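Undergrad: From the sequence below, what's the structure:
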Amino acid sequence: MTTPAPPAPTVRKGRLALLSATHAVNDLYQAAIPAMLPFLMDERGYSYTAVSGLAFAASGVSSLSQPLFGVLTDRRTRAWLVPAGFCVAAAGVVAAASAPNYLITWLCVALAGLGIAAYHPPATSQARVAGGSSQKAMSVFSVGGTVGGALAPPLVTLTIGALGFSGGRLLAVPAAVMLLVWLWRGRIPAAPARRADAAPGAAGSGLTDDWRSFARLVAVIIGWSIPYVTVTSLVSLHAQRDLGQSAAAGAATLTCCTAAGAVGTLLGGWLGDRFGRLTALRAGYAAALPALCGVVFAPVYPVLVVSATLFGLALFVPYSAHVTLAQDYLPNRPGTASGLTLGLAMAAGGLCSPLFGRLADARGLTTTLAVLIAVFAVPVLLTWRLPERSPHGPVAGAPGDRPAPAPVAGGAR
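TA: Next up is the predicted model:
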């Protein structure tokens, strides 16, 4: 007899939509910080090193604390961390806009990063439950974050750019509205630990954690994060300082990059369900490398915009695969897996930001961005060392192979 396949989990569309909306709001504040950097340089006279320090405060502090929130989420579901996270992120960004000096600005940005860290593990675990094992469902949740990131530069330009830093108070509006929606819809309940459609690795699943494969994935994500954080922090300045464009044009370049990331996330979910998530992951990394070269060596502004758009598109094709692979490599610790991967996805870039800032002060933006090409070549190669793993158990065959069809008794027909 044919071994019955596990039942396909039902996608809870309402729950997934609400979580995707909170993700958009949360990551809006994450992206608002790099969007504020050119205004901080112009109005407060900060150097590249100083603004890179702010990028570290947001990304580094957030990412280093995110695994701790993941461990807490594995021990006990804390749904309240979802609204608390994006509200604290909003408070930090708004306070940074009115901070009187660099130290206070740094602390406010770090507070925003802490809120961002608190949000991601519980929200990601709940999204995996709501979407089951579907790459499309996880890509919908992920794209909420990239949509929020794409909205941040124009929103910051319309508020701080038009009204000065006093207009930063208006940045609190998205979080206030989302909090009201969350309270109106009610708290998202925790999923029962032993439901068949719960997140892979729920208690009692009997699956083992594959730490070796997880470590390889972490290395890939580290190589992903450094170019991502550096490009999003410096591409607006690259457009202005090296190609003679306005602040609005620089913000538009960043918007194109992040908006394309939303499309890339959805494309990655579709490719993952159709051709296998490792195929989507490897294709995204391979396509992002030449696009990064275009960003670095763009001779004119239109080439920079096209290259930044393609870079954002390709770079986010693997995004949902990052999350689901991590949770399937550590099926008994989905919150920890989410915290480590999503945390490291920002931590390495944030920790390296001050170094790239110093390099930019000493050698210029073009040289700094060129270094990223060598950095990014490493994860492109490492993707071929990642094995596939089903939510229901290891997958036989060579690393990256899709699950083979179940054998039929009596031989092939």
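
Undergrad: packing partners for the longest helix belonging to the chain?
TA: What stands out as the longest helix in the chain, according to DSSP state H, is helix 13-44. Packing partners of helix 13-44 (3 or more CB pairs under 8 Å, 6 or more residues apart in numbering; DSSP states H and E): helix 48-75, helix 81-97, helix 102-131, helix 135-156, helix 173-185, helix 211-237, helix 247-275. Bear in mind the C-beta positions are built from the backbone N, C-alpha and C, glycine included.

Undergrad: between these, which one is nearest to residue 368?
TA: Among those, the nearest to residue 368 by CB to CB is helix 211-237 (6.9 Å).

Undergrad: residues contacting residue 271?
TA: 279, 280, 283, 317 (CB atoms under 8 Å, 6 or more residues apart in numbering).

Undergrad: per-residue confidence for the first one?
TA: Per-residue confidence (pLDDT) for residue 279: 93.

Undergrad: From the contacts of residue 271, which land in helices?
TA: Those of the contacts of residue 271 lying in helices (DSSP H): 279, 280, 283.

Undergrad: top of those by neighbour count?
TA: Per-residue neighbour counts (other CB atoms under 10 Å) across the ones in helices among the contacts of residue 271 peak at residue 280, which has 25 neighbours.

Undergrad: how about the nearest residue to that residue, chain neighbours excluded?
TA: residue 271 (3.8 Å; CB to CB, 6 or more residues apart in numbering).

Undergrad: Can you tell me how far the one you found is from residue 127?
TA: Distance of residue 271 to residue 127, computed by CB to CB, to the nearest Å: 19 Å.

Undergrad: Identify the residue spatially nearest to residue 283, adjacent ones excluded.
TA: That would be residue 317: by CB to CB, 6+ apart, it lies 6.5 Å from residue 283.

Undergrad: Residue 174 - nearest residue in space that isn't next to it in sequence?
TA: Closest to residue 174 by CB to CB, 6+ apart is residue 25, at 5.0 Å.

Undergrad: can I assume the one you found is in contact with residue 175?
TA: Yes: using CB atoms under 8 Å, residue 25 is in contact with residue 175, at 5.9 Å.

Undergrad: any low-confidence regions in the stretch 101-250 of the chain?
TA: 132-134, 186-206 (pLDDT under 70).

Undergrad: and with 50 instead?
TA: 189-204 (pLDDT under 50).

Undergrad: same check, this time on the stretch 301-413 of the chain
TA: Looking at the stretch 301-413 of the chain by pLDDT under 50, you get 396-413.

Undergrad: Could you pull up the residues touching residue 89?
TA: Neighbours of residue 89 in contact, by CB under 8 Å, 6+ apart: 26, 29, 30, 112, 113, 115, 116, 119, 175.

Undergrad: before we move on, the earlier item: what is the nearest of the contacts of residue 271 to residue 137?
TA: Of the contacts of residue 271, the one sitting nearest to residue 137 (CB to CB) turns out to be residue 280, at 14.6 Å.

Undergrad: follow-up on the earlier one: of the helices and strands packed on helix 13-44, give the one that comes closest to residue 303.
TA: Across the helices and strands packed on helix 13-44, closest to residue 303 is helix 247-275 (CB to CB), at 11.1 Å.

Undergrad: what's the pLDDT at the residue nearest to residue 280?
TA: So, for residue 271, pLDDT stands at 90.

Undergrad: cool, the one 3 residues further on as well?
TA: At residue 274, the model reports a pLDDT of 86.

Undergrad: what about it, distance to residue 322?
TA: 18 Å.

Undergrad: quick one, what contacts the residue nearest to residue 283?
TA: So residue 317 contacts 264, 265, 267, 268, 271, 280, 281, 283, 284, 287 (CB under 8 Å, 6+ apart).

Undergrad: Which residue in the residues you listed has the weakest pLDDT?
TA: Among these, residue 265 has the lowest pLDDT, at 85.

Undergrad: Checking residue 99 next. Helix, strand or coil?
TA: The assignment at residue 99 comes out as coil when based on DSSP: H, G, I helix; E, B strand; the rest coil.

Undergrad: OK, contacts around the nearest residue to it once chain neighbours are set aside?
TA: With sequence-adjacent residues excluded and distances taken as CB to CB, 6+ apart, residue 99 is closest to residue 105, at 4.0 Å. Taking CB under 8 Å, 6+ apart as the criterion, residue 105 is in contact with 40, 54, 96, 99.

Undergrad: ok, back up a step: can you pick out the most distant pair from the contacts of residue 271?
TA: Top of the distance list for those (CB to CB): 279 and 317, 10.2 Å.

Undergrad: for stretch 208-217, which positions count as buried?
TA: Of the residues in stretch 208-217, 210, 213, 214, 216, 217 count as buried by neighbour count, 16 or more other CB atoms under 10 Å.

Undergrad: neighbours around residue 72, how many?
TA: 18.

Undergrad: Please name the nearest non-neighbouring residue to it.
TA: Distance criterion CB to CB, 6+ apart; nearest residue to residue 72, sequence neighbours excluded, is residue 78 at 6.4 Å.

Undergrad: I'd say the one you found and residue 85 touch.
TA: No: counting by CB under 8 Å, residue 85 is not a contact partner of residue 78; they are 10.2 Å apart.

Undergrad: Show me which positions of the longest helix of the chain end up buried.
TA: Neighbour count says helix 13-44 has 15-16, 18-41 buried, by 16+ other CB under 10 Å.

Undergrad: try stretch 259-269
TA: 259, 260, 261, 262, 263, 264, 265, 266, 267, 268, 269.

Undergrad: same check, this time on stretch 239-251
TA: 239, 240, 241, 243, 245, 247, 249, 250, 251.

Undergrad: Export these to TSV and append columns for distance to residue 231.
TA: Shown next, in TSV, are these (distance: CB to CB, whole Å):
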residue	distance to residue 231
239	12
240	15
241	15
243	15
245	16
247	18
249	16
250	13
251	14
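
Undergrad: and which of those residues is nearest to residue 334?
TA: Once CB to CB is applied, the member of the buried residues of stretch 239-251 that ends up nearest residue 334 is residue 251, at 36.2 Å.

Undergrad: Which residue, neighbours along the chain excluded, lies closest to the closest one?
TA: Nearest to residue 251 is residue 153, by CB to CB, 6+ apart, at 4.3 Å.
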